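S.K.: please find the sequence and the predicted model below.
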Amino acid sequence: MKRRPAVAGSFYEDDPDALRKRVEWSFYHPVGPGSLPQIGKATQRDNSIFIVPHAGYIYSGPVAAHSYYHLVKEGKPDLLIILGPNHTGYGSQVSIWPGGEWDTPLGSAQVDSKLVKELVSLSEVIDMDEKAHIYEHSIEVQVPFLQYFFDKISFLPIVILMQTPETAEFVAEGIWRFMQKHKELDIVTLASSDLNHYDPHDVTLMKDEMVIKKIESLDYKGLYKTIEDHDITVCGYAPIMAALILAKKMGKRAYVLRHATSGDTSGDKSSVVGYLAVRFGS
């Protein structure tokens, strides 16, 4: 089964050369890390989990580049598991693409149907369902960043509609069991999410800081309560909660790489979206 790009030409350039230049722009932007990373050799990976934003590249690309900078420095993973929120409402509560290829202007990325079935069998909530993915952007926008550096990437895309702590626990447990079964694989998990939406810059910074404190303490239930109690419009809180649960299981700590808003990249700070890059390492 082949997935065509849903947001090429809107969230990122649909011309391959222009897209490569946009990725490079993200790294060299003042909000970005300032340079392109050297691709590391596959050795012992320390940073196995990342949080990355998923807006249009002109807004969140420089923040996303911080996570990819550290991912690339440790070499090409054997497999990526990318978790994103389901913005469209289509499909089941937790959906994984059944298998096949995802096309972008930079080529095709592979979703291994055998690995998909294994992960589904080890989880109690993940369904194979393509409908949830057809128009969803939260995972698609991560793929060109990976393809810029790595040939023939293999990944498992999962979008979450039912964003509760219980769902995050089931998703994380399924991934954890999968990792225990495949210790021979170098697996990296990405949690795709933007932070607070459409408040003024100063308000968004204040709300985001409450979320970041919960991320730094790996407190996924506290994260959920903070978002609910303070009306913080984080769109991918279930992917983040799953990342925090996995990080605790793996003995990792959270390191904030960059926090900014769309006002920092667009210049308009009247109504912004918060973006965060985090690595989870020792």
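M.R.: Looks like it arrived, so ask away.
S.K.: could I get stretch 67-74 in CSV with only the CA atoms?
M.R.: In CSV, the C-alpha atoms belonging to stretch 67-74 read as follows (Å, rounded to 0.1, in the frame of the first residue of the first chain):
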residue,chain,number,x,y,z
SER,A,67,16.0,17.1,17.7
TYR,A,68,17.2,15.9,14.3
TYR,A,69,20.6,17.3,14.9
HIS,A,70,21.1,15.0,17.9
LEU,A,71,19.4,12.0,16.3
VAL,A,72,21.6,12.2,13.2
LYS,A,73,24.8,12.6,15.2
GLU,A,74,24.2,9.1,16.6
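S.K.: what's in contact with that stretch?
M.R.: The contact list for stretch 67-74 (CB atoms under 8 Å, 6 or more residues apart in numbering) reads 27, 33, 37-40, 43, 45-47, 50-52, 77, 145-146, 149-150, 188, 190, 257, 277-279. Just so you know, the C-beta spots here come from the backbone N, C-alpha and C atoms, and that holds for glycine as well.
S.K.: check stretch 232-242 too.
M.R.: Surrounding stretch 232-242, the residues in contact under the criterion CB under 8 Å, 6+ apart are 51, 54, 83-85, 87, 138, 160, 162-165, 167-168, 171-172, 175, 191-198, 207-208, 210-211, 215, 220, 223-224, 226-227.
S.K.: same question for stretch 108-127.
M.R.: Residues beyond stretch 108-127 that count as contacts (CB under 8 Å, 6+ apart) turn out to be 2, 79, 81, 91-102, 128, 143, 146-147, 152-158, 162, 167, 170-171, 173-175, 177-178, 181.
S.K.: what of stretch 12-22?
M.R.: Among residues not part of stretch 12-22, those counted as contacts by CB under 8 Å, 6+ apart are Pro5, Ala8, Gly56, Tyr57, Ile58, Gly61, Thr104, Pro105, Leu106, Val141, Pro144, Tyr148.
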